[in-house]
Structures are given as structure tokens and as C-alpha cells.
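1. Mind folding the following:
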Amino acid sequence: MISKESVLALPLWKDMVTIDLTEMKSVKLMNRVDTKFSAQLRLLPDLLSRAISDYRVQVIDNSPVASYDTLYFDTPDLQMYLRHHDKILQRDKVRTRTYIDSSLSFLEVKHKNNKGRTKKKRILISVDDFDDFTHNDEAINFLDNQVLYKIDALEPQVRTVFNRITLVNNARTERLTIDFNLRFENEQTKLTAELPDVMIIELKQDGLVYSPMKKILSDMNIHQIRISKYCIGTVLTNPNAKYNRFKKKVIFLNKLTKN
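-> So this is what the prediction gives:
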């Protein structure tokens with residue numbers, strides 16, 4: 001596992017043009033097409049160096065690396081997880097997320113439709129509501145309006161902590177997130193897992209248009225993979241979860257780690 005400090009020490013940061021949170025508001029892409037990739041973390045410096053001319057890096061408090069804490073909620077029988085596993089195109093994710101560096105927390109709902117587009121909606125919540133928002137009337141109303149699952153039918157499942165680098169192309173039509181140092185803890189089984197030396201890359205676009213990043217990733221022999229941090233975290237920390245269709249992904253991630 002590469003520390004956040006060693007990533008921050010990379011000399012290439014001085015050559016990357018930055019973008020702050022205020023500017024990033026114009027690139028929210030809350031209704032988008034997501035394309036995901038995974039690769040060894042040791043390739044990160046090369047990836048970033050190839051992106052310098054076409055992408056800007058988001059900085060928060062002068063840092064290009066942010067820390068995230070995310071908690072996914074699901075039914076006791078993992079209905080949302082199973083819809084993903086069983087390849088049902090229309091599905092939801094419910095999660096709370098804290099941006100550790102800014103101490104801001106949100107309740108978020110991600111809905112994927114049968115055309116492959118992802119819509120994300122969220123509301124600001126108190127950091128104290130991260131683990132349990134059942135007493136927050138605004139959060140309850142928000143959830144009622146977004147998903148069919150009622151709040152009393154959900155329970156915390158997988159907690160994921162990771163670091164993230166966010167890039168935006170010069171035209172501000174796409175964002176790229178690079179997640180690494182992923183750690184999982186299952187709130188029900190109390191089991192933990194890590195994905196050391198692996199990065200999960202997600203390209204977020206308004207539509208399937210030309211992307212310099214896709215060319216960069218192809219040149220680096222980094223290929224698309226359908227992967228969900230919640231689903232992988234569930235497989236790694238819940239022995240009772242059905243995972244037949246995720247076996248190849250787990251084997252692939254294990255190979256990245258071993259190599």
C-alpha cells in the first residue's frame with residue numbers, strides 16, 4: 001500500500017494545472033455515463049504524467065489527494081447488492097459519505113437506469129448522522145422520494161475508506177476519479193479487508209464521446225472492468241453473500257495485488 005504522503009510527494013504535481021471546488025461545481029455530472037477501470041497503483045505516476053496536457057487536478061486546501069469515508073446501506077438480505085450481482089439493469093445504492101478533509105457529510109442515492117446512465121442525488125447531513133440518520137426528518141423524506149426502500153428496512157453494511165485524486169478535462173465535460181488505499185469494514189460481520197496497491201479508476205461523462213483518458217488508459221494496457229466498491233467490499237467481508245458472478249473480478253483484483 002502506498003501512503004497518501006508518498007503520493008503527495010510526487011514531483012509531477014508542480015506541472016499539473018489545478019482546479020478548485022468552486023470551479024468544479026460546473027462539472028458535477030450528476031446524470032452521467034460511468035466507465036470503470038482497475039490497475040496496479042504503481043502505474044499512477046505514469047498515468048498522471050500522460051494526463052498533464054489534457055486534464056486539471058482538483059485541489060482542496062492545496063492538496064490534490066482527498067480522503068473519503070463511505071457507508072453503504074442495504075436491506076438485511078442485501079437486495080441492492082443482489083440486483084447488481086444478478087445483472088438487473090435498474091438498481092440503486094444508498095450511502096452516506098464524509099469528505100474527511102472538509103468534514104462535510106452527505107446522504108446520497110445513486111440510481112442506474114436500463115440505458116446505463118447513472119443519476120446521483122444527495123443532501124447535506126450532519127457528520128453525527130453518518131452512521132444513523134433515522135432521526136433526521138429531512139433525510140427520511142429525501143430517501144422516501146428517491147427509492148422504494150424505506151428507512152426502517154435498511155441497515156449499514158459496508159464501510160469503505162479510501163484516498164481519491166480527481167481530474168477534469170480542459171473542456172470540463174468529464175471527470176476522472178482515481179481511488180486507492182481502499183479499506184473495507186463490514187458493519188454486520190465485523191470482518192475487514194484491504195486492496196493494497198490497487199487503484200479503481202472511474203470516468204464520468206455526459207455521454208459516450210471521445211475521451212483523451214480512454215486513449216491514455218488503452219495505451220497503458222488498462223482495460224475497462226465493471227466494478228463496484230460496495231459489491232467488492234461485500235464479497236471480501238461477508239462470507240454469506242452470493243458472489244458467483246463476481247468471482248472473476250475478485251481473482252483479477254487479487255492478481256493485481258500479488259503482482
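
2. going forward, measure contacts between C-alpha atoms and count neighbours the same way
-> OK.

3. Just name the shakiest helix or strand of this protein by mean pLDDT.
-> The helix or strand of the chain with the lowest confidence, counting by mean pLDDT, DSSP states H and E, is helix 21-24 at a mean of 81.

4. how far is that helix from where the chain is centred?
-> The chain centroid and the centroid of helix 21-24 are separated by 19 Å under Cα atoms, centre = their mean, to the nearest Å.

5. now swap in stretch 80-96 and tell me
-> Between the centre of stretch 80-96 and the centre of its chain there are 15 Å (Cα atoms, centre = their mean).

6. Now stretch 98-112: buried residues?
-> Neighbour counts over stretch 98-112 (16 or more other Cα atoms under 10 Å) mark 98, 105, 106, 107, 108, 109, 110, 111, 112 as buried.

7. so who does the closest residue to the third one other than its chain neighbours touch?
-> I take that to be residue 106. Distances taken as Cα to Cα, 6 or more residues apart in numbering put residue 124 closest to residue 106, at 4.4 Å, once the chain neighbours are dropped. Residues near residue 124 by Cα atoms under 8 Å, 6 or more residues apart in numbering: 104, 105, 106, 107.

8. cutoff 10 Å now
-> 96, 97, 98, 104, 105, 106, 107, 108, 138, 139 (Cα atoms under 10 Å, 6 or more residues apart in numbering).

9. pLDDT added to those residues, as TSV?
-> Shown next, in TSV, are these (pLDDT from 0 to 100):
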residue	pLDDT
96	98
97	97
98	96
104	92
105	97
106	97
107	97
108	97
138	96
139	95
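
10. Of those residues, which pair is most distant in space?
-> Largest separation among the contacts of residue 124 by Cα to Cα: 98 and 138, giving 17.6 Å.

11. got the phi/psi numbers for residue 225?
-> Main-chain torsions, residue 225, degrees, to the nearest 10: phi -150, psi 130.

12. Thanks again, I'm all set now.
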